[in-house]
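Participant: attaching a predicted model along with its sequence, questions to come.
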Amino acid sequence: MPRLVPLRMVSGLFNAAVAGVGRAGTALRKTVITVVVWPGCFLIGAFWGAEGFAAAWLVAIPATCLLNVPRTSASFGVAFGDVVRTLVRPMFAGLVMVAAIACTRLVVGNGRYRCGPPSLLRLA
């Protein structure tokens, strides 16, 4: 779920920006969409236990962003494409970081098994 944090962060920034330009109605519509989509996703995901609930997060956050960001950004004159272009590099950097961590875990071990290198190497 950490990979979804940039989407939630942008959503929070948009709330403040919309309120700053006096578009409270847009902020309200954004909140109403979120209140409808998130519980619906969680109710469906709950049928499959913890994995389903986690998958619901993976659906709910991008869905609400795709529904809310274009309308919200247009309310203060920023094109949706500009928002996407701004987020591409940080999202790519995050994916590279996740890949580096996954590769490091494969090489060094994740600490659960005693067959890996000594603890000092893992610490380094």
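Facilitator: Arrived safely, thanks for sending. Residues are numbered from 1 along each chain as shown.
Participant: residue ranges with poor pLDDT in this protein?
Facilitator: Within the chain, the stretches with pLDDT under 70 are 1-8, 109-124.
Participant: pull the longest helix from it.
Facilitator: Longest helix in the chain, counting residues (DSSP state H): helix 80-108.
Participant: which other helices and strands contact that one?
Facilitator: Counting by 3 or more CB pairs under 8 Å, 6 or more residues apart in numbering; DSSP states H and E, the packing neighbours recorded for helix 80-108 are helix 5-20, helix 49-74. (C-beta placed from N, C-alpha, C; glycine too.)
Participant: kindly export stretch 50-65 (C-alpha atoms) in PDB.
Facilitator: The C-alpha trace of stretch 50-65 is given here as PDB (Å, rounded to 0.1, in the frame of the first residue of the first chain):
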ATOM      1  CA  ALA A  50      -7.700  -9.600   4.900                       C
ATOM      2  CA  GLU A  51      -6.400 -10.100   1.300                       C
ATOM      3  CA  GLY A  52      -9.700  -8.800  -0.100                       C
ATOM      4  CA  PHE A  53      -9.600  -5.900   2.200                       C
ATOM      5  CA  ALA A  54      -6.100  -5.000   1.100                       C
ATOM      6  CA  ALA A  55      -7.100  -5.400  -2.500                       C
ATOM      7  CA  ALA A  56     -10.000  -3.000  -1.800                       C
ATOM      8  CA  TRP A  57      -7.500  -0.300  -0.900                       C
ATOM      9  CA  LEU A  58      -5.700  -1.000  -4.200                       C
ATOM     10  CA  VAL A  59      -9.000  -0.400  -6.100                       C
ATOM     11  CA  ALA A  60     -10.500   2.400  -3.900                       C
ATOM     12  CA  ILE A  61      -7.700   4.900  -3.900                       C
ATOM     13  CA  PRO A  62      -6.900   4.900  -7.700                       C
ATOM     14  CA  ALA A  63     -10.700   4.900  -8.500                       C
ATOM     15  CA  THR A  64     -11.400   7.900  -6.300                       C
ATOM     16  CA  CYS A  65      -8.400   9.700  -7.700                       C
END
